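Chemist: give me the fold of what follows.
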Amino acid sequence: MQALFPVAVWGAIFYNPPMPKIIDQHILREHDDLMRKLREWDVAYHADDDPLVDDATYDEVKRRAVALEAEYPELAAKEISVAHSVGAAPKKKFRTFTHAVPMLSLDNVYDEQETLDWLKRIGGADVFCEPKIDGVSFSARYENGVFVLGLTRGDGSDGEDITENIKTIPDVPMKIQGAPDVLEIRGEIYISKRDFLDLNAAAEAAGEKKFANPRNTAAGSLRQLDPETTRARRLRAFAYHWGQASETFWHTQSEFFNLLKKWGFKTTAEWSRLCSLPEQIAAHTKLIGEIRATLPFDIDGVVYKVNDIAARQILGEVAHSPRWATAFKFPAARAETILNDITIQVGRTGVLTPVAELEPVNLGGVLISRATLHNADEIERKDFRVGDRVVIQRAADVIPQVLSVISHAPGAGPFQFPAICPVCGGDVIQESGQVARRCMNSLSCPAQLIRGLCHFVSRKAFDIEGLGERQIELFVGKGWLKEPADIFKLIAGHKSQIAELDGFGEKSIANLSTSIEGAREIDLWRFLYAIGIPEVGETTAKLLSKKFAEFDAVRAAQVWELTAIDGIGEVMAFEIRRFFENENNRRIIANLLGEIRIKNPAARPATDAQPLAGKKIVLTGTLSRPREEVKEFLESLGAAVSSAVSAKTDIVIAGENAGSKLADAQKLGIAIWSESDMIRVGTG
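Modeler: Have a look, this model is predicted:
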């Protein structure tokens, strides 16, 4: 038997690491496009409870991104990649807390061979099989047996505080006995099929909008600011795992399920099974698939977990998921129908999405009359034509999509994707290497106007209180808001008319007027963020502000000048350049500049005079001030604030209940500051 020691020693001496592969520009563009999609889809699913694509489409894009990052590791920098992320950033209307133990997601398998490959990787361990509840993940923290904190998954690192809403769920006990002093129970919150139908029946009777599906309804109900609204939605919960625990006296998943029952939690034990052989796993998965329609709750697969806890610790985890668990995803339900028409929707970012108008057909108990066709390339590749007989499916039982053509209608010709926006008549472009086609009139297209104005008045932008989505929709409908500059003419031009509307008293109009007037002066980076340049978020807006110092310099910057900035790639640079070359955008910005004044950052202290210039800082734990406020304070001192600890991190600022980021910093020998240390440095 060969000794391992010489290999390790001589390998360390003679090993020459391979030269990094040169990344082709097409690969960079493809990766940028994949990242953009995943970011948008993550926010839509996890934060907005409004999924834009089905699970299969999401997984396909994510797999491609992971494959590219495996081939070109420099693409996988944590600061830019979302291919290994979990969830989406928590919403600002809730307090957030850092999970003591990150809430990871699961990798998926889709067929027998992928399941066998996973079983081979775990070394033949016994597997506990549980139905995969199609709901919303939660974490419930108990101290000395008393429930003290409830969190959503959030981005896996930080979750939203939903403590009061969880208290309305009868399946989550407020006190438990015989548990560790500190214990976080994790599980899934859902709405039963029966309760979902009752909710929709009540909404229909009241003339209100019906709920889309149980999963989204549960997620939206859990994020209500009024717990009584949550209580009325009749949420339920299953528990299945744990996070932080001051001690673990259970040794297997099946034993933990017994403890959960003892502590008063509901589990899926009735439909779960401990399996030792691949044949047993396959048989139980088949059984769950067969009884799926009869279950009182929605599921979308079966979760496989290594039963033995000690074996799990050996297997460990990767960046976003445990190696010791995976989820078998059920195939989508399918049916045949007629494609009556193809219409085009324009989304909030200007992306044109084709929609199939279908002959209504019952699919999994739901009458389907519309489905997504994804994009122009998908229509051309599958040759969808009006009048076709097609196969449709509801992937993950959420979003219907047209899968394939059975037969073309006689005389039907290929579908011609519009070259101009069907809403505003503006130019439609398709960037090289990207599949999306987008209307370029981002500041004047009516389909984008409401979303754009909501972004414009948001806290990081012009921060205009009293002008939310409801008010903007109302004023746009009245014709009083047609572009951003109209906001600053709103009170002067329509005060008497606004006073006649429900909900607008003298005080509220005065407050709105004060807020609008106070927004007439704005920092350059906030202005750049507010006008909605594609691909430009808060971080990029600050980079542009810091580099060019004046708005005229930003809008005149050429692609080569933009790509010279660390953090701005070629795709983003072309987006910025194209935005400022658009005639409609130039006109609307000119009108806006007639109403406001931009504060340039040129007069601020030089970077080398800032006490934290060039320092990379990570925040963790609960701080005394909102995290965004702390981040802005640190950036004003010259620091760059990141979400993940790495070898490049200079300082970690730890608040109360700091978790894994603090532990990572300690392992890497990174400087750890308290909040008072930060304030002391910042105030000199």
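
Chemist: give me the number of residues near the residue lying closest to I176 once chain neighbours are set aside?
Modeler: Excluding the flanking residues, the one nearest I176 by C-beta to C-beta, 6 or more residues apart in numbering is W263, at 4.1 Å. C-beta: built from backbone N, CA, C; applies to glycine. Residues within reach of W263, counting by other C-beta atoms under 10 Å, total 18.

Chemist: so who does W263 touch?
Modeler: 173, 176-179, 185 (C-beta atoms under 8 Å, 6 or more residues apart in numbering).

Chemist: among those residues, who's most crowded?
Modeler: I185 (25 neighbours).

Chemist: which of the three states applies to that residue?
Modeler: strand (DSSP: H, G, I helix; E, B strand; the rest coil).

Chemist: each with direction, which strands does the regular element (helix or strand) spanning E359 pair with?
Modeler: Using DSSP states H and E, E359 sits in strand 352-363. For strand 352-363, the paired strands and their directions (DSSP bridges) are strand 333-346 (antiparallel), strand 366-372 (antiparallel).

Chemist: what about the next helix or strand after the last one, average pLDDT?
Modeler: Think strand 366-372. Per DSSP H and E, the first helix or strand lying C-terminal to strand 366-372 is helix 376-382. Per-residue pLDDT over helix 376-382 has a mean of 88.

Chemist: how far off centre is helix 376-382?
Modeler: Chain-centre distance of helix 376-382: 26 Å, with C-alpha atoms, centre = their mean, to the nearest Å.

Chemist: which ones are touching the closest residue to E550 other than its chain neighbours?
Modeler: Closest residue to E550 apart from its sequence neighbours, by C-beta to C-beta, 6+ apart: N600 at 5.2 Å. By C-beta under 8 Å, 6+ apart, the contact list for N600 reads 524, 549-551.

Chemist: same list, the residues you listed, but as a markdown table with pLDDT please.
Modeler: Listed next are the contacts of N600 as a markdown table, based on pLDDT from 0 to 100:
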| residue | pLDDT |
| --- | --- |
| L524 | 93 |
| A549 | 87 |
| E550 | 90 |
| F551 | 92 |
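
Chemist: farthest-separated two in those residues?
Modeler: A549 and F551 (9.2 Å; C-beta to C-beta).

Chemist: so what sits against both of these two?
Modeler: Common neighbours of A549 and F551 (C-beta under 8 Å, 6+ apart) are 524, 600.

Chemist: in helices, which of the contacts of W263 fall?
Modeler: In helices, judged by DSSP state H, none of those are found.

Chemist: closest one to M678 out of the residues you listed, please.
Modeler: I185 (33.4 Å).

Chemist: who touches the closest one in this structure?
Modeler: Counted by C-beta under 8 Å, 6+ apart, I185 has contacts 139-140, 142, 239, 241-243, 260, 263, 265.

Chemist: helices of the stretch 1-150 of the chain, start to end?
Modeler: 4-14, 25-42, 55-71, 112-121 (DSSP state H, counting those that start in this stretch).

Chemist: for the residue nearest to E550, give its distance to I309.
Modeler: 58 Å (C-beta to C-beta, to the nearest Å).

Chemist: again with F297
Modeler: Taken as C-beta to C-beta, the span from F297 to I309 is 27 Å.

Chemist: looking at these two, which is more packed in?
Modeler: Remark: of F297 and I309, F297 carries more neighbours, 21 against 15, as counted by other C-beta under 10 Å.

Chemist: helix, strand or coil: sort out the more buried one for me.
Modeler: coil.

Chemist: what sits against it?
Modeler: F297 neighbours (C-beta under 8 Å, 6+ apart): 133-135, 190, 192-193, 214, 236.

Chemist: what about I487, neighbour count?
Modeler: Neighbours around I487, by other C-beta under 10 Å: 24.
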